[in-house]
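J.: structure of the sequence below:
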Amino acid sequence: MSMRHRLSELPKRPSFWIAVDSSLTAATNSALLIAGSRLLGPSSLVPLAMLQLFASSAILVQRATLLAPALAARRELGVPASMPGRWAWVSIPAFAAPVIATCPFVMGASENWLTVALITTFFVISSLGMDFVRYFYISRDSPQFSVVMDGFFIFTLAPTSILIAFQPSWIAFAIGWSTSASIAAAGTALILRRKTPSFARQVPLRGTIKLGRWSGLDNLMSVIANLVPMAIATLTLTTPLAAIYRVLQTALGPLNIVNTSLIASFSLGSWRLSSIEGIENLRGQVRRGVRVLLLATVIYVGIAFAAIMFLAELPWSSSARVVAILSIAALFGAWTSPIAAASSALGYQIIGVYIRIAVVAFSLSVSWAVAIGLPVPLDDPIGAVAIASSALGLIGWGFGYIIALRREKRLLG
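T.: As a prediction, this is how the structure comes out:
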């Protein structure tokens, strides 16, 4: 098969559009923080970075609890099935509420509480809504419509960006971002409502929750492990350490894209994992994925961090250690991603829960030490948790994946 033919076949694969969609999402999120670091001072950059972190955390928990498990639940049916859109009316408020209740108190904003709470509400609900629409299309094997939504979002950002440039502030950034996200999600759903395909079967809520309870708990604990050190650093340290981490973490966006794409792609095909042949194919995908991701990550991180530091105008003196820590975490993550995605597609999300219990315990211990003035590893609570989380993830998912494969083969054999 020629290279030209292979390229022409790519748009026919859902995984291609999922990767494109994830790439555009990561790029626009990176643009928000990079533009903020150039236009805002530290006092305004910190609230913007924390708001974006809290919103991203809510998205991750919603995906892990409901959206990704809805795709993996297809395995029980043995046929393609779609996710009901009515779930959004419960899902979005439920996952937004904890963020709205906590973020205004720890984001370091100087404005009055009511203003911060209203902006937080708008930002988080619009972000969750846009991500729900994204998975709504993915569940119908139409991720190309998610890309249409991304294009709509970028298009609507243009006029809001002009307004932000004239009077830059974290509030202007948040309102412009939320407005564009709301228009893109609602506009795409309205315009494409008659073109969106559906399947005869819908994924069952009970089966989705059964899978999502463990992956959701896993990601909730991951969020706690990441947010607590960030919040403590913002409230207790005089340097904008949390903001520096958030800006540099945008360089890892493409690696997170791969993780998201792997989970979605493996989950879409989970209904095929009902035979020894299917399990062996999955095992081969994991092996190839690990090799490719490790090589790509080694090449990528050096280029990406240099580019982000240049674009965001971050000084090397305050960023070098952060770059080193995030590079190590990225390598561990690249090794872990295919293993975790395959284990989740097989229905073993509970593995992540055990890993997160250890990570949360470490994170809370480090955060408590910072709060009372005790020394912490690396003299950096955020970095210490990042290294520990990625290392424990690799070890835990590695052993769990081996156990899952052996058990599934025994059950199918």
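J.: poorly predicted segments of the protein, please.
T.: 1-12, 42, 75-80, 200, 237-240, 253-254, 256-275, 413 (pLDDT under 70).
J.: count the residues that sit near the residue nearest to residue 84 when sequence neighbours are not counted.
T.: Nearest residue to residue 84, sequence neighbours excluded (Cβ to Cβ, 6 or more residues apart in numbering): residue 202, at 5.4 Å. Using the backbone N, CA and C atoms, a C-beta is placed for each residue, glycine as well. Using other Cβ atoms under 10 Å, residue 202 has 15 neighbouring residues.
J.: what distance do you get for residue 202 to residue 302?
T.: 46 Å (Cβ to Cβ, to the nearest Å).
J.: the residue minimising distance to the centre of the chain: helix or strand, and which one exactly?
T.: Centrality entry for the chain: nearest residue to the mean C-alpha point is residue 60, 5.0 Å, by Cα atoms, centre = their mean. Element membership for residue 60, per DSSP states H and E: helix 42-62.
J.: quick one on the thing from earlier: thought the residue nearest to the centre of the chain was touching residue 222?
T.: Yes - counting by Cβ atoms under 8 Å, residue 60 does reach residue 222; the two are 7.5 Å apart.
J.: can you give the distance of the longest helix along the chain from its chain's centre?
T.: Secondary structure of the chain read by DSSP state H shows that its longest helix is helix 276-312. Distance, stretch centre to chain centre, for helix 276-312: 16 Å (Cα atoms, centre = their mean, to the nearest Å).
J.: equivalent analysis for stretch 402-409, please.
T.: For stretch 402-409, the distance to the chain centre is 27 Å (Cα atoms, centre = their mean).
J.: residues contacting residue 69?
T.: Under the criterion of Cβ atoms under 8 Å, 6 or more residues apart in numbering, the neighbours of residue 69 are 208, 209, 211, 212, 215, 216, 349.
J.: at 10 Å what do you get?
T.: Applying Cβ atoms under 10 Å, 6 or more residues apart in numbering to residue 69 gives the contacts 63, 83, 203, 207-216, 267, 344, 347, 349.
J.: whichever of those end up buried, select them in PyMOL.
T.: The PyMOL selection below is limited to those of the contacts of residue 69 classed as buried (16 or more other Cβ atoms under 10 Å):
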select buried, resi 63+83+203+207+208+211+212+213+214+215+216+267+344+347+349
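J.: quick one: mark the members of the contacts of residue 69 that sit in strands.
T.: Among the contacts of residue 69, no residue falls in strands (DSSP state E).
J.: so which elements touch the longest helix of the chain?
T.: The contact analysis (3 or more Cβ pairs under 10 Å, 6 or more residues apart in numbering; DSSP states H and E) places helix 276-312 against helix 14-39, helix 241-249, helix 253-268, helix 316-345, helix 381-412.
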